[in-house]
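> Task: produce atomic coordinates for the following.
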Amino acid sequence: MSKEAHLYLKLRDNLIILSGQNVINFIHKNMKVLVSKIVLVIPFSNSLKDKRRVVKSLKDRIWSKFRASIAEIDEHDTIRKAVLGITCVSKDKHILDSMINGIIDLIDTTYPGVLHECEHHVENY
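Model prediction:
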């Protein structure tokens, strides 16, 4: 048996077998990853407890609505600033674009004026 990787796809009763470089090309063209960094400035926060309450609330809302992976990635001990990392995987770039726009809208409606900066891009794999 060959040591090549094989990918078997069943599409409406037709079996497609891809092997070797074809597997890599097939996967490479179909996987898009959204990587986003969101900086929040929380002026009404007077303690780390207040900040963590806001961050946890946003993380829970984003997860429940968009099923995006999200974590606080920087400024852990700063009272009024939080940096969130968000990532999602899809086969369609338009879905990821609408998802990040929805996340930004959710942050703006939940805590108006808190969103300070948002960087995002979609990588192809």
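> show me where this protein has helices.
Secondary structure of the chain, counting by DSSP state H: helices at 21-30, 48-66, 93-110.
> Of the ones you listed, which shows the lowest average pLDDT?
Ranked by mean pLDDT, these end with helix 21-30 at the bottom, a mean of 54.
> Report pLDDT for the most centrally placed residue in the chain.
When CA atoms, centre = their mean is applied to the chain, the residue found nearest the centroid is residue 87 (2.0 Å). Per-residue confidence (pLDDT) for residue 87: 94.
> what sits against it?
Shown in contact with residue 87 (CB atoms under 8 Å, 6 or more residues apart in numbering): 33-36, 68-70. The C-beta positions use only the backbone N, C-alpha and C, and glycine is treated the same way.
> okay if I get these as CSV plus distance to residue 78, pLDDT and neighbour count?
Below are these laid out as CSV (distance: CB to CB, whole Å; pLDDT from 0 to 100; neighbours: other CB atoms under 10 Å):
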residue, distance to residue 78, pLDDT, neighbour count
33, 28, 92, 14
34, 26, 93, 22
35, 22, 94, 15
36, 20, 95, 21
68, 23, 92, 19
69, 23, 92, 13
70, 18, 94, 21
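> And for residue 83, nearest residue in space, chain neighbours not counted?
Ranked by CB to CB, 6 or more residues apart in numbering and with sequence neighbours excluded, the top spatial neighbour of residue 83 is residue 74, at 3.8 Å.
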